[in-house]
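>>> this is the structure alone, sequence omitted:
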């Protein structure tokens, strides 16, 4: 028989404990020195000790020493009636495969309890559905901050809460820390990150987004003055400035990505400019987002076709389709905008559909290359959509060359190569664009099995015989030949560069030396250039 409470008072206490345990695995109370005065719950699972044995111990003994600054900040700054958390914290390390290493900490200062603090630990998932990556000083990494902020914003919206994104600038912080001993500087940085973490929504913490600049997501009801005072104290008495950027209304995931782009655009200007320019920047970014989404939905772009020719014979090999927008819109900047807004996948698919329609209207000898963002390629399901667009026509896939472009470094080359392999197996020829620029490195050539690489135009455009650029191209071509990869030189603007590219062993060329981009994929080659009878060293036939 279940034991019943002996009085109404006992029933009330039991009910409160039941409600507490519905949201926590362990509840405890600490006094003004941090000593545990009461504990009840799954203490043994969390700490390796019975709940009663925790009484009299300092609460810091439950946590990893790296959390000392955070615990001190919570005890010091929590005001009557205020609740902080849940904050993801590291527990003291214990042996055993089932010993938890992390938990969520919530803390509340009940006015009736005076200086005592009510605490709760739970083993549930972290706020935002994921753990936060932190740098060596404990600050949330920028990537983790931006990604986790989306989850937290959605979570807060569903709970009816309004958040703000606060940009804190502590001018002179770096100079101040440089004057301290290494130990004192480290302590100051830990204190600063603890302040930002303790005052952040969901314990996300602050991200160091620039020199002396930090971003933190907080409840819009959190007073800015308290954060400024706490940051100033942690920064040796500095006078920080804060720009509050309210995230109001039903902000969707897409709008949050737009918010991230807006922040990227102005964050270098500092907090003063941020506060003044945020609304204008956000409005402009939202306007750009709507404009590009409309372009994709209506296919409101047109394609120009630039010939890619054999340097040896001058014959057409294929066309590259180049997206063009309004006369005032830079193609490169528009594509970058699409990637920043994570709308590039829809755009790439729209371009491929247009090219396939054009291929269907052209002779079977015509081949066209479509640019695909590496960002799109890595999105789950994109590859199946691309292959599916070719339907049951192997001929169309053979004539559709896929040229992979990249503005951000691929993180998983093994997975990328597997995707490329599936495209080639489906019948597509695959080219790696802009090789030698940005992230495209020799490691790509080693790890990615492609049919062509297109050598970045900066090596080609002003290349002269015997120049460093020419030597780089010569050895790159030789390496590609050994790997069975054909080469394309882009930005071939003059006959002399075309001849030199051929002499260096490059297979195909593209640029105004042959033709400007055309309205339709139709081109007649000019009369062949007169060349000496001897054939260049290493010349070979390429895929036709």
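Right, received. Where do you want to start? Remember, predicted model here, so these are calculated numbers, not experimental data.
>>> okay, CA-based contacts and neighbour counts for the rest of this
OK.
>>> all helices of the stretch 251-400 of the chain, in order?
Ranges of helices within the stretch 251-400 of the chain are 253-266, 271-298, 331-340, 344-361, 374-377, 382-389, 394-399, based on DSSP state H, counting those that start in this stretch.
>>> contacts for the fourth one?
Read that as helix 344-361. 296, 299, 321, 323, 335, 338, 366-368, 370-373, 375-376, 379, 382, 385-386, 389-390, 396, 399-400 (Cα atoms under 8 Å, 6 or more residues apart in numbering).
>>> so where's the chain uncertain?
Low-confidence segments of the chain (pLDDT under 70): 1-23, 124-138, 248-286, 327-330, 407-408, 437-440, 528-544.
>>> would you point out which residue is most central in it?
residue 143 (5.4 Å; Cα atoms, centre = their mean).
>>> can you say which helix or strand has that one in it?
helix 142-158 (DSSP states H and E).
>>> for that helix, name the packing helices and strands.
Judged by 3 or more Cα pairs under 8 Å, 6 or more residues apart in numbering; DSSP states H and E, the packing partners of helix 142-158 are strand 206-210, helix 253-266.
>>> number of residues surrounding residue 494?
Counted with other Cα atoms under 10 Å, the neighbours of residue 494 add up to 14.
>>> helix or strand right after the host helix or strand of residue 106?
Following DSSP H and E, one finds residue 106 within strand 102-108. Downstream of strand 102-108, the next assigned helix or strand under DSSP H and E is strand 117-122.
>>> can you give me the angle that following strand makes with strand 102-108?
Orientation check (axes from the mean of the first three to the mean of the last three Cα atoms, to 10 degrees): strand 117-122 against strand 102-108 gives 150 degrees.
>>> which elements pack onto strand 117-122?
Looks like strand 117-122 contacts strand 26-30, strand 102-108 (3+ Cα pairs under 8 Å, 6+ apart).
>>> and the angle for it with strand 26-30?
Using the same axes, to 10 degrees: strand 117-122 against strand 26-30 is 160 degrees.
>>> now residue 110: how far from residue 461?
Residue 110 sits 71 Å away from residue 461, going by Cα to Cα, to the nearest Å.
>>> and if you look at residue 490?
Counting by Cα to Cα - residue 490 and residue 461 are separated by 8 Å.
>>> quick one: which of these two has more around it?
residue 490 (23 against 18).
>>> next, the contact list for the more buried one, please.
Counted by Cα under 8 Å, 6+ apart, residue 490 has contacts 454-457, 460-461, 509-511.
>>> tell me which of those residues fall in strands.
454-455, 509 (DSSP state E).
>>> please produce CSV containing the residues you listed, extended by neighbour count.
Output for the ones in strands among the contacts of residue 490, formatted as CSV (neighbours: other Cα atoms under 10 Å):
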residue, neighbour count
454, 22
455, 24
509, 30
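>>> quick revisit: of the contacts of helix 344-361, buried ones?
Listed as buried from these are 296, 321, 323, 335, 338, 366-368, 370-373, 375-376, 382, 386, 390, 396, 399-400; burial here means 16 or more other Cα atoms under 10 Å.
>>> sorry, back to before: so can I have CSV of the ones in strands among the contacts of residue 490 showing distance to residue 73?
Below are these laid out as CSV (distance: Cα to Cα, whole Å):
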residue, distance to residue 73
454, 55
455, 55
509, 63
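>>> residue 289: which of the residues you listed is nearest?
Of all those, residue 289 sits closest to residue 454, with 30.6 Å by Cα to Cα.
>>> for the closest one, give me its contacts.
Counted by Cα under 8 Å, 6+ apart, residue 454 has contacts 431-435, 487-490.
>>> could you export these as CSV, including secondary structure?
Below are the contacts of residue 454 laid out as CSV (DSSP: H, G, I helix; E, B strand; the rest coil):
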residue, secondary structure
431, strand
432, strand
433, strand
434, strand
435, strand
487, strand
488, strand
489, strand
490, coil
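>>> for ChimeraX, what selects the buried ones among those residues?
In ChimeraX, a selection of the buried entries from those looks like this (16+ other Cα under 10 Å):
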select :431,432,433,434,435,487,488,489,490
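>>> let me know the closest of the contacts of residue 454 to residue 342.
Closest to residue 342, out of all of the contacts of residue 454 and judged by Cα to Cα, is residue 433, at 20.1 Å.
>>> touching, that closest one and residue 402? I think so.
No - counting by Cα atoms under 8 Å, residue 402 is not a contact partner of residue 433; they are 9.7 Å apart.
>>> joint contacts of those two?
With Cα under 8 Å, 6+ apart, residue 433 and residue 402 have no common neighbours.
>>> list the contacts of stretch 414-426.
Looking at what lies outside stretch 414-426 - Cα under 8 Å, 6+ apart - the contacts are 377-378, 383, 387, 394, 397, 410, 429-430, 447-450.
>>> repeat for stretch 162-175
153, 156, 201, 211-220, 232, 235, 238-249, 270-271.
>>> if we use 7 Å, what do you get?
If you take Cα atoms under 7 Å, 6 or more residues apart in numbering as the criterion, stretch 162-175 is touched by 156, 212-220, 235, 238-248, 271.
>>> distance of the residue nearest to residue 520 when sequence neighbours are not counted relative to residue 322?
With Cα to Cα, 6 or more residues apart in numbering as the criterion, residue 520 has its nearest non-adjacent residue at 6.2 Å, and that residue is residue 305. Using Cα to Cα, residue 305 is found at 6 Å from residue 322.
>>> which one of those two is surrounded by more residues?
For residue 305 versus residue 322, neighbours defined as other Cα under 10 Å are more numerous around residue 305 (22 against 17).
>>> for that one, give its distance to residue 449.
26 Å.
>>> residue 489 is in contact with residue 511, correct?
No - judged on Cα atoms under 7 Å, residue 511 makes no contact with residue 489 at a distance of 8.4 Å.
>>> got the helices and strands packed on strand 117-122 as CSV, with distance to residue 416 columns?
Below are those laid out as CSV (distance: least, Cα to Cα, whole Å):
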stretch, distance to residue 416
strand 26-30, 45
strand 102-108, 33
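>>> closest one to residue 48 among those strands?
The nearest among the helices and strands packed on strand 117-122, by Cα to Cα, is strand 26-30 at 12.3 Å.
>>> name the strands paired with the closest one and say parallel or antiparallel.
Here strand 26-30 is paired, per DSSP bridges, with strand 36-41 (antiparallel), strand 117-122 (antiparallel).
>>> how far off centre is stretch 72-88?
Computed by Cα atoms, centre = their mean, to the nearest Å, the chain-centroid distance of stretch 72-88 equals 31 Å.
>>> give me the residues contacting that stretch.
102-111, 126, 194-195, 198, 202-203.
>>> and if you look at stretch 53-67?
By Cα under 7 Å, 6+ apart, stretch 53-67 touches 34-39, 47, 68, 90-93.
>>> tell me the contacts of residue 413?
Residue 413 touches residue 447, counting by Cα under 7 Å, 6+ apart.
>>> how much space between it and residue 456?
Residue 413 is 20 Å from residue 456, by Cα to Cα.
>>> what of residue 381?
In terms of Cα to Cα, residue 381 sits 29 Å off from residue 456.
>>> so what's the nearest residue to residue 200 once chain neighbours are set aside up against?
Using Cα to Cα, 6+ apart and skipping the chain neighbours, the partner closest in space to residue 200 is residue 218 (4.7 Å). Neighbouring residues of residue 218 by Cα under 7 Å, 6+ apart: 163-165, 199-201.
>>> which of those fall in strands?
Short answer: those in strands (DSSP E) are 163-165.
>>> just send those residues back as a markdown table, with distance to residue 358 and neighbour count too.
Shown next, in a markdown table, are the ones in strands among the contacts of residue 218 (distance: Cα to Cα, whole Å; neighbours: other Cα atoms under 10 Å):
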| residue | distance to residue 358 | neighbour count |
| --- | --- | --- |
| 163 | 49 | 23 |
| 164 | 48 | 21 |
| 165 | 47 | 21 |
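>>> any chance of these in TSV, plus distance to residue 361?
As requested, those are exported to TSV (distance: Cα to Cα, whole Å):
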residue	distance to residue 361
163	53
164	53
165	52
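>>> contacts for whichever strand or helix holds residue 472?
According to DSSP H and E, residue 472 maps onto helix 468-483. Under the contact criterion Cα under 7 Å, 6+ apart, helix 468-483 has outside partners 459, 463-464, 486-487, 504-506.
>>> I'm done for today, thanks for sticking with me.
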